[in-house]
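> Quick one, what's the 3D model for this:
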Amino acid sequence: MDTLSPVMLGFLGSLAAGLMTAAGAVPVLFGRIPSRATRDLSLGFAAGVMLAASFFSLIIPALDAAALQFDASAAPAAIVCVAILLGMGAIALMNERLPHEHFGSGAEGPPSASLRRVWLFIFAITIHNFPEGLAVGVGFGADGISQGLPLALGIGLQNAPEGLAVAVSLLGEGYGKGRAWLIAALTGLVEPIGGLIGAGIVAISQPLLPWGLAFAAGAMLYVISHEIIPETHRSGHQNKATLGLSIGLVLMLFLDVWLG
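This is a model prediction of the structure:
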């Protein structure tokens, strides 16, 4: 894979992470659905991995890249801080605006309140899969496999329980097993688009590298705080979710230091 271009690596890495959404939804095809507590534990684990990857694979490299451009001044820290906030703000804006536009123009007949909530949940997951793909693409575009692989791993782990959650929600609304799995799988396929864009931006312009890395980190941090952690705490399994997050965080820290 080292002979592949950074852009192609970014696309393939984000595609693999996105396909984990489909893999996570496979149990619905066989009627073997993990308990809610188990899903919250695994989603918490994925959040911990993503949190560590945000800092070690995105924010710290962004600071290093900015320091090469501006030497020892306050500029590197300022650039990274601003880019993180821009990333968080961009995803917050998407989260607020896009679902309303979708439901205002796409409905055919009056759906039930529960079905509307399910599709809002699905649309929200599709939205936040884009910055996840962007983060993977930026990681591969910046430093190849060594920086992109941890991000793809963390995001892929997080996508699996997300795919299961989507499929289970649709089953509860009367969708068939195959159709529920297919819709869940499709929510992850927006990630390769973000991967191509992220890898392309940093491959074309090195001065944009710290901005791209930190922007992707901010997008991921928003998703972790706004979507994943609240979802793991919603059903009263905070202890399991926190345990999963702790294990994921320290495991990713250990692997990052050990593998260099």
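> Tell me which stretches of the stretch 101-250 of the chain form helices.
With DSSP state H, counting those that start in this stretch as the criterion, the stretch 101-250 of the chain has helices at 113-143, 145-172, 177-187, 191-204, 209-223, 229-233, 238-259.
> How far does the second one sit from its chain's centre?
From the chain centre to the centre of helix 145-172 is a distance of 7 Å (Cα atoms, centre = their mean, to the nearest Å).
> In terms of secondary structure, what does that helix contact?
Helices and strands touching helix 145-172, as assessed by 3 or more Cβ pairs under 8 Å, 6 or more residues apart in numbering; DSSP states H and E, comprise helix 6-25, helix 27-30, helix 36-53, helix 113-143, helix 177-187, helix 238-259. Where C-beta positions appear, they are placed from N, C-alpha and C, glycine not excepted.
> Now do that helix against helix 238-259, angle only.
Counting by axes from the mean of the first three to the mean of the last three Cα atoms, to 10 degrees, helix 145-172 lies at 160 degrees to helix 238-259.
> Can you list the buried residues in helix 145-172?
Neighbour counts over helix 145-172 (16 or more other Cβ atoms under 10 Å) mark 145, 147-171 as buried.
> tell me the mean pLDDT for that helix?
Average pLDDT, helix 145-172: 77.
> Worst mean pLDDT among the helices and strands packed on helix 145-172?
Among the helices and strands packed on helix 145-172, helix 113-143 scores lowest, with a mean of 71.
> ok, so what distance separates Trp258 from Pro150?
12 Å (Cβ to Cβ, to the nearest Å).
> Check Glu132 too.
Distance from Glu132 to Pro150, counting by Cβ to Cβ: 13 Å.
> And Leu86, by the same measure?
Going from Leu86 to Pro150 by Cβ to Cβ gives 23 Å.
> Around Leu189, how many other residues sit close by?
17 (other Cβ atoms under 10 Å).
> Now it: closest residue in space, sequence neighbours ignored.
Gly18 (5.5 Å; Cβ to Cβ, 6 or more residues apart in numbering).
> Might you report the residue contacts of the one you found?
Gly18 makes contact with 129, 133, 159, 188-192, according to Cβ atoms under 8 Å, 6 or more residues apart in numbering.
> Then Val190?
Neighbouring residues of Val190 by Cβ under 8 Å, 6+ apart: 18, 126, 129-130, 133.
> right, and Ile247 touches Ala47 too?
No. At 10.8 Å, Ile247 and Ala47 do not qualify as touching, with contact defined as Cβ atoms under 8 Å.
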